[in-house]
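*Asks:* The following comprises the amino acid sequence and a computationally predicted model.
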Amino acid sequence: MPDLFSEFRIKSVTLRNRIAVSPMCQYSATDGMVNDWHLVHLGALARGGSGLIVAEATGVSPEGRITPGCTGLWNDAQAEGWRPIIRFIEEHGAVPGIQIAHAGRKGSAARPWEGDCHLAIDDSQAWQPVGPSPIAFGGILPRVPHEMTLQEIARVRADFVAAAQRARDVGFKWLTLHFAHGYLAQSFFSPLANQRTDDYGGSFENRARFILETLAAVREVWPDHLPLTARVGVLDYVEGEQPMEESIELIRRMKAAGLDFIDVSMGFNTPDVSRVPWGEHAFLAPIAQRIGREVGLPTATSWNINDPVKTDELIRTGQIDLAMIARALLSDPHWPYHAAQALGRELPQNVLPPPYAFWLKR
Ligand code: 536
């Protein structure tokens, strides 16, 4: 069995270890453009030795952003901005990935540290959020989304395709579709957000349609030799959510449509997260393991993964193939180095760049 520091191979991509940087919104872009912040933030994570770095949820259109500070891939200038970041990540031995997203009814929000709530309608930076049905998320995101027409659904699908092409052309090697966290695609799948009566709502087939069509359209342009992955919200921990069997069947059909890898996450389709077992280490790992086994796809999960010994065990016992780590890496980009120490292992040669490794080797 592999351990935390074993390579991971998928398609033509090899990760140096099983430590992956989960996408983390920085809300620090202007008009969707990355800047020095993103280079330093992601560069530090590459220097720190993680195998895979998935850049933050990046809007496929201006209205697809969560906040006005989110990154975008709806024009070529935005794509070009990623080039130095991709180059730096690769020069330091990590694989550059990006998550493309449409925020749906949760979009047009303030940055978390500026309130996290929907922007005022007359705010010059605000836009009209869209969704499958005119049902508000609630809580601090009270705006009722515009119910998307069939034409608007087709447009978002085309926006995902165009963003995937830009990600491909600028050199990303790993693409993650954001089908989680109550954003647009996930909200089509959830009966909590979708009450449409046309081909995109109601039955399992209809609620799955947006995700499956978007995935299939992206697969047409994303190179066969590169992994196409998705982060899927498989449960919400609330009444009225879809049964787990539906989530598993969705991922089975995603595999048939060309999905290579699944990152198991939550739905977040309601403001009520009181039943999420936040305190348990890697609480989604057993669910991820079940899905990976039943569908037959390499699997990752995230949320409260921070303890090196427990994380190594998740890999060694085959529960997950990759650990998607967020906050632990934010607080310590050198988590891989410290994990090797905690595991009592000799530091693998490829974890730290020579100017650091020389002084820090044990
Ligand atoms: C989920 N979040 C997910 C985000 C950004 C904001 C927060 C994303 O996928 N881009 C979350 C919900 C509730 C509590 C913590 C995190």
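*Replies:* Now that the structure is in, tell me what you want to look at.
*Asks:* Please make it C-alpha for all contacts and neighbour counts, starting now.
*Replies:* Will do.
*Asks:* Could you give me the buried positions within the one helix or strand in the chain whose mean pLDDT sits lowest?
*Replies:* Of all the helices and strands that make up the chain, helix 354-360 has the lowest average by mean pLDDT, DSSP states H and E, namely a mean of 94. Across helix 354-360, burial judged by 16 or more other C-alpha atoms under 10 Å covers Ala357.
*Asks:* Tabulate the CA atom coordinates of that helix in CSV.
*Replies:* Extracted in CSV, the C-alpha atoms of helix 354-360 (Å, rounded to 0.1, in the frame of the first residue of the first chain):
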residue,chain,number,x,y,z
PRO,A,354,17.8,22.6,-2.4
PRO,A,355,18.3,26.1,-0.7
TYR,A,356,16.0,25.0,2.1
ALA,A,357,16.8,21.3,2.2
PHE,A,358,20.5,21.8,2.6
TRP,A,359,19.9,23.7,5.9
LEU,A,360,17.0,21.7,7.2
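*Asks:* roughly how far is that helix from the heart of the chain?
*Replies:* 32 Å (C-alpha atoms, centre = their mean, to the nearest Å).
*Asks:* swap in stretch 292-301?
*Replies:* For stretch 292-301, the distance to the chain centre is 16 Å (C-alpha atoms, centre = their mean).
*Asks:* List of residues touching that stretch?
*Replies:* The contact list for stretch 292-301, computed with C-alpha atoms under 8 Å, 6 or more residues apart in numbering, reads 248, 251-252, 255, 260-265, 282, 284-285, 288-289, 320-324.
*Asks:* Following element in sequence after the helix or strand where Gly233 lies, please.
*Replies:* Element membership of Gly233, judged by DSSP states H and E, is strand 228-235. The element immediately downstream of strand 228-235 (helix or strand, assigned by DSSP H and E) is helix 244-256.
*Asks:* what comes up buried for that following helix?
*Replies:* For helix 244-256, by 16+ other C-alpha under 10 Å, it's 247-255.
*Asks:* since we're on the residue in the stretch 151-300 of the chain that the ligand sits nearest to, how many residues are nearby?
*Replies:* Nearest residue of the stretch 151-300 of the chain to the ligand: His181, at 5.4 Å (C-alpha to the nearest ligand atom). By the other C-alpha atoms under 10 Å criterion, the neighbourhood of His181 contains 23 residues.
*Asks:* rewinding a little: what would the buried residues of helix 244-256 look like in TSV with pLDDT?
*Replies:* Supplementary listing: the buried residues of helix 244-256 in TSV, determined by pLDDT from 0 to 100:
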residue	pLDDT
Ser247	98
Ile248	98
Glu249	98
Leu250	99
Ile251	98
Arg252	98
Arg253	98
Met254	99
Lys255	98
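*Asks:* between the longest helix along the chain and strand 228-235, how big is the angle?
*Replies:* In the chain, with assignment by DSSP state H, the single longest helix is helix 150-170. Computed by axes from the mean of the first three to the mean of the last three C-alpha atoms, to 10 degrees, the angle separating helix 150-170 from strand 228-235 equals 130 degrees.
*Asks:* Give the other helices and strands that helix 150-170 contacts.
*Replies:* helix 76-81, strand 95-101, helix 204-221 (3 or more C-alpha pairs under 8 Å, 6 or more residues apart in numbering; DSSP states H and E).
*Asks:* State whether Phe268 and Asp236 are indeed in contact, as I suppose.
*Replies:* Yes: with contact defined as C-alpha atoms under 8 Å, Phe268 and Asp236 form a contacting pair (5.7 Å).
*Asks:* for the helices and strands packed on helix 150-170, which one ends up most surrounded?
*Replies:* strand 95-101 (a mean of 26; mean count of other C-alpha atoms under 10 Å).
*Asks:* I'd like to know the average pLDDT value across the helix or strand that that one is followed by.
*Replies:* Per DSSP H and E, the first helix or strand lying C-terminal to strand 95-101 is strand 130-131. Per-region confidence: strand 130-131 scores 98 on mean pLDDT.
*Asks:* doesn't Glu90 make contact with Gly43?
*Replies:* No: assessed by C-alpha under 8 Å, Gly43 is found out of contact with Glu90, at 9.8 Å.
*Asks:* Who has more neighbours out of these two?
*Replies:* Gly43 (24 against 19).
*Asks:* Now the more buried one: which helix or strand?
*Replies:* Using DSSP H and E, Gly43 falls in helix 36-47.
*Asks:* Can you work out which other helices and strands pack against that helix?
*Replies:* Going by 3+ C-alpha pairs under 8 Å, 6+ apart, helix 36-47 lies up against strand 52-59, helix 83-91.
*Asks:* and if we set it to 7 Å?
*Replies:* helix 83-91 (3 or more C-alpha pairs under 7 Å, 6 or more residues apart in numbering; DSSP states H and E).
*Asks:* Secondary structure element for the closest residue to Phe137 other than its chain neighbours, which one?
*Replies:* Leaving aside its sequence neighbours, Phe137 sits nearest to Thr270 (C-alpha to C-alpha, 6 or more residues apart in numbering; 6.0 Å). Using DSSP H and E, Thr270 falls within no helix or strand.
*Asks:* Thr270 is in contact with Gly139, isn't it?
*Replies:* No: here Thr270 does not reach Gly139: they are 8.3 Å apart, not a contact under C-alpha atoms under 7 Å.
*Asks:* Between these two, which is the more surrounded one?
*Replies:* Between Thr270 and Gly139, Thr270 has the larger neighbour count (other C-alpha under 10 Å), namely 19 against 12.
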